[in-house]
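Novice: no FASTA, just this:
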């Protein structure tokens, strides 16, 4: 079977979206958070329990007969008492704690979904970066190998000219030195290529094939910096996560305050006894009751008041964290916008540099043939061309990565926006499957 490969950036993003273990782990975390809601809803439901007991007992008792002085009676024997009973209880009021816990759990679910969006964006951006890094390092590796081939031919020509007395031994040594340097650069480029391939395999999950060039996604981002900052501050999942965390903290304050309210519950009990424990005379009995219970807290040592104060401080912390998240998003958007503008300008500059150095190299070679340039001049011109081409490859990589970074900064880096042909993970499906579950230990997928 042929191993799976991702030869385009879109295919690489699809593979990362489906296979990345960090992303799959976060999806599992969201599913685990979904269970907070049925746990909170369980406070509305009755509680049932069955009890049973049985065993062997030996009893002996001596009593004084009151009608006859100094006369005593003794009773002893064995029996096997058995009892079984059922108890049902229902909470009627607990200071609105169940309602507030349910609303809190629902906000936790929303926060977990937004955290999942943060992870999705980060994994997709990491996949783009790994893809473009490998594409860049592949091109640089190829450039350095071709440079060595050119330097080898250059050395051969210099040696031929040295043999006929046109150049000196110094020219030969300069060519040999530059060839050795070129071979060292090839080894460095090869090391970078292998490192990028390993990172690609780690993030995307498959072996890279022959990669196609990536394209920017500027069309999905706002057209102005102010629009990008506004979109990021409103829609970035880290900001919405912080907002949901504020709601979670607010409901925690209400839950803590609920401990100061009375609690009202009703309990029903039925117990059937055969050969009662502690006596030999009772052969059979039963007990049935339905009782209401009201508990009004007066003072519990002050712990409940401390919990309320603690919850309010946590709420203040969450609000500060929301402001911090907005500022962080703003900084990221402004930085990404500047990097994108710089990358665009850098491509134009490096393209012009490559064209100029190609012309300069051809001119230096012609001038060297008629003795107007030295061998070192030719070697320097060749190195400048290689450096310019490497810079162009890096600028092209930066252009694509910066466009995806900006898209992530405004909170729009998602399979839906990119139009990836992949089934989108919907966390609401699992939530609806477990929300109203009353019993069962199996997860919806059968585990």
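Specialist: Great, that's in hand. Given the structure is predicted, the values throughout are model-derived calculations rather than measurements. Residues are numbered from 1 along each chain as shown.
Novice: Which secondary structure elements does the one helix or strand residue 256 maps to sit against?
Specialist: Counting by DSSP states H and E, the element that carries residue 256 is helix 237-258. Counting contacts by 3 or more Cβ pairs under 8 Å, 6 or more residues apart in numbering; DSSP states H and E, helix 237-258 packs against helix 97-163, helix 303-369. All C-beta spots, glycine's among them, are computed from the backbone N, C-alpha and C.
Novice: Adding distance to residue 419, mean neighbour count and mean pLDDT, write these out as a markdown table.
Specialist: Formatted as a markdown table, those follow (distance: least, Cβ to Cβ, whole Å; neighbours: other Cβ atoms under 10 Å; pLDDT from 0 to 100):
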| stretch | distance to residue 419 | mean neighbour count | mean pLDDT |
| --- | --- | --- | --- |
| helix 97-163 | 13 | 20 | 92 |
| helix 303-369 | 21 | 16 | 92 |
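Novice: Show me the one of those that comes nearest residue 404.
Specialist: Among these, the nearest to residue 404 by Cβ to Cβ is helix 97-163 (4.5 Å).
Novice: now the closest one and helix 303-369, what's the angle there?
Specialist: With axes from the mean of the first three to the mean of the last three Cα atoms, to 10 degrees defining the directions, helix 97-163 sits at 20 degrees from helix 303-369.
Novice: Skip ahead from helix 97-163 and say which helix or strand is next.
Specialist: Criterion used, DSSP H and E; the element after helix 97-163 is helix 169-204.
Novice: what angle do that next one and helix 97-163 make?
Specialist: 160 degrees.
Novice: How far away from the center of its chain is helix 169-204?
Specialist: Centre-to-centre, helix 169-204 and its host chain are 36 Å apart (Cα atoms, centre = their mean, to the nearest Å).
Novice: ditto for stretch 430-447
Specialist: 23 Å.
Novice: May I see the buried residues of it?
Specialist: 430, 431, 435 (16 or more other Cβ atoms under 10 Å).
Novice: Which of these fall within helices?
Specialist: Among these, the residues falling in helices (DSSP state H) are 430, 431.
Novice: nearest to residue 232, of the buried residues of stretch 430-447?
Specialist: Nearest to residue 232 among the buried residues of stretch 430-447 is residue 431, at 27.0 Å by Cβ to Cβ.
Novice: wait, what's in contact with the closest one?
Specialist: By Cβ atoms under 8 Å, 6 or more residues apart in numbering, the contact list for residue 431 reads 34, 37, 109.
Novice: and the first one, how many neighbours does it have?
Specialist: Which is residue 34. Neighbour count of residue 34, defined by other Cβ atoms under 10 Å: 24.
Novice: Thought residue 109 was touching it, still the case?
Specialist: Yes. Shown here, residue 34 and residue 109 form a contact pair, counting by Cβ atoms under 8 Å, at 5.8 Å.
Novice: For residue 373, see how far away the residue positioned nearest the centre of the chain is.
Specialist: Geometric centre of the chain, nearest residue: residue 119, 3.5 Å, by Cα atoms, centre = their mean. Distance, residue 119 to residue 373, by Cβ to Cβ, to the nearest Å: 57 Å.
Novice: And for residue 350?
Specialist: 25 Å.
Novice: How about residue 158?
Specialist: Distance from residue 158 to residue 373, by Cβ to Cβ: 13 Å.
Novice: same deal with residue 65?
Specialist: Relative to residue 373, residue 65 is positioned 138 Å away (Cβ to Cβ).
Novice: Pick out whichever of the two has more residues nearby.
Specialist: Neighbour count, other Cβ under 10 Å: between residue 65 and residue 373, residue 373 has more, with 17 against 10.
Novice: Let me know the secondary structure of that one.
Specialist: The three-state label given to residue 373 by DSSP: H, G, I helix; E, B strand; the rest coil is coil.
Novice: Look at it and report its pLDDT.
Specialist: With respect to pLDDT, residue 373 has a value of 79.
Novice: Please confirm that residue 63 is located within a strand.
Specialist: Yes. The assignment for residue 63 by three-state DSSP puts it in a strand.
Novice: Who does it form a beta bridge with?
Specialist: When assigned by DSSP bridges, residue 63 has beta-bridge partners residue 73.
Novice: isn't it right up against residue 76?
Specialist: No. When contacts are counted by Cβ under 8 Å, residue 63 is not listed as touching residue 76 (11.8 Å).
Novice: Might one say that residue 112 is in contact with residue 28?
Specialist: No. Using Cβ under 8 Å as the test, residue 112 is too far from residue 28 to be in contact (10.7 Å).
Novice: quick revisit: just give me how far the helix holding residue 256 sits from the chain centre.
Specialist: Centroid separation for helix 237-258 versus its chain: 20 Å, with Cα atoms, centre = their mean.
Novice: Same question for stretch 47-54.
Specialist: That offset, for stretch 47-54, works out to 44 Å (Cα atoms, centre = their mean).
Novice: where does residue 297 land in three-state SS?
Specialist: coil.
Novice: Quickly note the distance from it to residue 10.
Specialist: 61 Å.
Novice: before we move on, what about residue 172?
Specialist: In terms of Cβ to Cβ, residue 172 sits 51 Å off from residue 10.
Novice: What about residue 202, how many residues nearby?
Specialist: 13.
Novice: quick one, what contacts it?
Specialist: Shown in contact with residue 202 (Cβ under 8 Å, 6+ apart): residue 130.
Novice: quick one: contacts for residue 347?
Specialist: Residue 347 touches 392, 395, 396, 399, counting by Cβ under 8 Å, 6+ apart.
Novice: oh, I was asking about residue 118
Specialist: Listed by Cβ under 8 Å, 6+ apart, the contact partners of residue 118 are 237, 238, 241.
Novice: and these as TSV, adding distance to residue 88?
Specialist: Shown next, in TSV, are the contacts of residue 118 (distance: Cβ to Cβ, whole Å):
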residue	distance to residue 88
237	44
238	46
241	41
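Novice: Between the residues you listed, which sits nearest residue 47?
Specialist: Nearest to residue 47 out of the contacts of residue 118 is residue 241 (Cβ to Cβ; 34.6 Å).
Novice: measure the closest residue to the closest one other than its chain neighbours to residue 126 for me?
Specialist: In this structure, residue 241 finds its nearest non-sequential neighbour in residue 114, 4.0 Å apart by Cβ to Cβ, 6 or more residues apart in numbering. Relative to residue 126, residue 114 is positioned 19 Å away (Cβ to Cβ).
Novice: Now do stretch 260-273: distance to the chain's middle.
Specialist: So, by Cα atoms, centre = their mean, the centroid of stretch 260-273 is 45 Å from its chain's centroid.
Novice: That stretch: which residues count as buried?
Specialist: The neighbour-count check on stretch 260-273 (16+ other Cβ under 10 Å) flags 263, 264, 265, 267, 269, 271, 273 as buried.
Novice: Which members of the residues you listed occur in strands, if any?
Specialist: Residues of those located in strands (DSSP state E): 263, 264, 265, 267, 269, 271, 273.
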